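Novice: Coordinates for the following, if possible.
(one chain, ligands or ions: 2)
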Amino acid sequence: MTAVNLLDFDLDALAAYCEQLGEKRFRATQLFRWIHQKGARDFAQMSDLAKSLRDKLASRAEIRPLPVISEHVSADGTIKWLFDVGGGNAVESVFIPEDDRGTLCVSSQAGCAVGCRFCSTGHQGFSRNLSTGEIVAQLWFAEHALRARFKTAERVISNVVMMGMGEPLQNYAALVPALRTMLDDHGYGLSRRRVTVSTSGVVPMIDRLRKDCPVALAVSLHAPTDPLRDELVPINRKYPIKELLEACQRYLEAAPRDFITFEYCMLDGVNDSDAQARELLALVGERGPAGRVPCKFNLIPFNPFPASGLKRSGAARVQAFAQVLIDGGLVTTVRKTRGDDIDAACGQLAGEVQDRTNAATRMAGARQRAKMVPIAVQAPGGSDIHNEGTSR
Ligand code: SAH
Ligand code: SF4
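Specialist: Ligands and ions are numbered 1, 2, ... in the order given. Purely as a prediction, here's the structure:
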């Protein structure tokens with residue numbers, strides 16, 4: 001019998017589980033705090049739980065971390081972890097420190113089925129959905145490893161963005177309990193405004209998220225017209241721009257922020273002309289297909305990878321494009337590229353497929369040769385740091 005992974009449960013689910021064991025809800029709350037606030041893995045350490053409960057838990061449950069394959073630290077402080085999710089698949093999480101916040105970029109799937117032209121995850125195809133426990137394990141590990149590294153008992157991660165590998169709204173059932181654990185005061189206590197789901201535009205799931213767990217929403221727009229968006233973000237053929245913008249309008253009724261963030265990846269000669277910037281203004285303005293959509297634009301310089309055949313827009317072009325949007329009254333930012341030296345930038349997660357396959361093969365080989373168990377790194381605490389400043 002495989003042990004139950006307690007990272008799969010939000011607080012309500014943990015309470016239901018504890019009830020099955022004959023325990024009251026407040027015990028579940030205590031247990032939840034041990035797991036998420038203190039980063040505990042060992043039931044023996046949970047001193048305020050009765051010994052009988054600790055024994056019961058130890059015999060049937062566990063707090064299951066994701067094995068860490070590697071950890072890379074960028075010169076700018078960005079940290080990228082590669083986690084083994086089995087079957088030769090790996091996912092990544094990236095910590096981005098800033099003066100006033102610490103952001104963790106979290107993955108929701110191994111691979112992605114949407115297949116956007118400019119995204120290396122999309123080129124990889126879809127392997128599988130992550131479980132709630134695997135989504136939460138990324139935050140659980142990162143938060144407690146960072147506290148140990150920075151020698152602090154204070155919270156390090158203040159923001160989570162679901163912008164790693166995968167389309168979070170195509171893994172909805174696992175996503176929602178993970179979001180609830182992030183938001184729970186007994187869990188990570190993150191504000192709804194500081195947890196962002198980024199989506200390529202799965203319209204029906206935007207509506208469900210609004211009802212089930214409204215958090216900040218980022219929508220990957222990337223094109224002002226349907227024909228171009230059909231090419232770049234194939235899910236547009238199913239949910240075209242007008243429907244997407246209408247879903248954004250509805251979402252705003254429940255959203256913790258009064259705007260939608262539109263992400264826009266700047267591709268040289270493809271979607272970066274002044275004329276296209278003006279089309280965007282028209283699209284989200286009063287006379288647009290869904291009326292005025294309160295929004296901000298976040299321009300992302302494309303992070304190239306060989307198979308894409310696409311090029312990054314020049315810095316001057318990005319600035320000029322941003323200026324058209326700003327002059328049209330839209331708050332527009334250009335995303336700073338972080339962790340460039342460790343391939344931690346958007347759309348580069350998990351590097352090249354080949355690399356990962358090799359990494360998995362090497363790992364399996366090394367394990368066999370040395371008869372080693374998988375490298376399970378316990379949080380708090382970290383694996384060795386490989387500060388490989390790859391030059392690209
Ligand atoms: N699947 C979700 C979330 C993960 S991708 C989504 O598409 O929104 C997070 C962001 O990175 C998206 O806005 C995506 O369009 C962008 N992105 C993907 N590949 C990129 C690349 N090569 N360069 C720059 N941004 C990229
Ligand atoms: Fe999937 Fe997002 Fe990449 Fe598109 S950009 S392929 S939706 S991860």
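
Novice: Just give the number of residues close to the residue in the stretch 201-350 of the chain that ligand 2 sits nearest to.
Specialist: Proximity of the stretch 201-350 of the chain to ligand 2 (C-beta to the nearest ligand atom) peaks at Ser220, 5.8 Å away. Every C-beta, even on glycine, is put in place using the N, C-alpha and C of the backbone. For Ser220, the tally of surrounding residues (other C-beta atoms under 10 Å) stands at 26.

Novice: and it, how far is that from Glu246?
Specialist: Noted for Ser220: a distance of 17 Å to Glu246, by C-beta to C-beta, to the nearest Å.

Novice: just Glu143 next, same as before
Specialist: Counting by C-beta to C-beta - Glu143 and Glu246 are separated by 37 Å.

Novice: higher neighbour count, those two?
Specialist: Neighbours were counted for Glu143 and for Glu246 using other C-beta under 10 Å; Glu143 has more, 23 against 17.

Novice: Which strand or helix spans that one?
Specialist: helix 132-149 (DSSP states H and E).

Novice: Quick one: list the elements packing against that helix.
Specialist: When contacts are defined as 3 or more C-beta pairs under 8 Å, 6 or more residues apart in numbering; DSSP states H and E, helix 132-149 packs onto strand 79-86, strand 89-98, strand 101-105, helix 172-183.

Novice: Need the pLDDT of whichever residue of the chain sits closest to ligand 2.
Specialist: Ligand 2 sits closest to Gly122 of the chain, with a gap of 2.7 Å, by C-beta to the nearest ligand atom. Note on Gly122: pLDDT of 92.

Novice: hey, C-alpha coordinates of the strand or helix carrying it in CSV?
Specialist: In this structure, Gly122 sits in helix 120-124 according to DSSP H and E. Coordinates of each C-alpha in helix 120-124 appear next as CSV, following Å, rounded to 0.1, in the frame of the first residue of the first chain:
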residue,chain,number,x,y,z
SER,A,120,10.2,25.4,-25.6
THR,A,121,7.8,23.6,-23.2
GLY,A,122,5.2,23.7,-26.0
HIS,A,123,7.6,22.2,-28.4
GLN,A,124,8.3,19.4,-26.0
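
Novice: Output the contacting helices and strands for it.
Specialist: helix 353-370.

Novice: Setting aside sequence neighbours, what's the nearest residue to Ala277?
Specialist: Counting by C-beta to C-beta, 6 or more residues apart in numbering, Ala277 lies nearest to Val324, which is 3.7 Å off, once chain neighbours are set aside.

Novice: What helices and strands are in contact with the helix or strand hosting the one you found?
Specialist: In this structure, Val324 is located in helix 315-327 according to DSSP H and E. In this structure, helix 315-327 packs against strand 260-266, helix 274-284, strand 295-301, strand 331-334, with contacts taken as 3+ C-beta pairs under 8 Å, 6+ apart.

Novice: Dump the C-alpha coordinates for it into PDB.
Specialist: Only the C-alpha atoms of helix 315-327 are listed here, as PDB (Å, rounded to 0.1, in the frame of the first residue of the first chain):
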ATOM      1  CA  ALA A 315      15.300  46.600 -27.500                       C
ATOM      2  CA  ALA A 316      14.500  49.800 -29.400                       C
ATOM      3  CA  ARG A 317      11.500  48.000 -31.100                       C
ATOM      4  CA  VAL A 318      10.200  46.800 -27.700                       C
ATOM      5  CA  GLN A 319      10.500  50.400 -26.300                       C
ATOM      6  CA  ALA A 320       8.700  51.900 -29.300                       C
ATOM      7  CA  PHE A 321       5.900  49.300 -29.000                       C
ATOM      8  CA  ALA A 322       5.600  50.000 -25.300                       C
ATOM      9  CA  GLN A 323       5.400  53.700 -26.000                       C
ATOM     10  CA  VAL A 324       2.400  53.300 -28.400                       C
ATOM     11  CA  LEU A 325       0.600  51.400 -25.600                       C
ATOM     12  CA  ILE A 326       1.600  53.900 -23.000                       C
ATOM     13  CA  ASP A 327       0.500  56.800 -25.200                       C
END
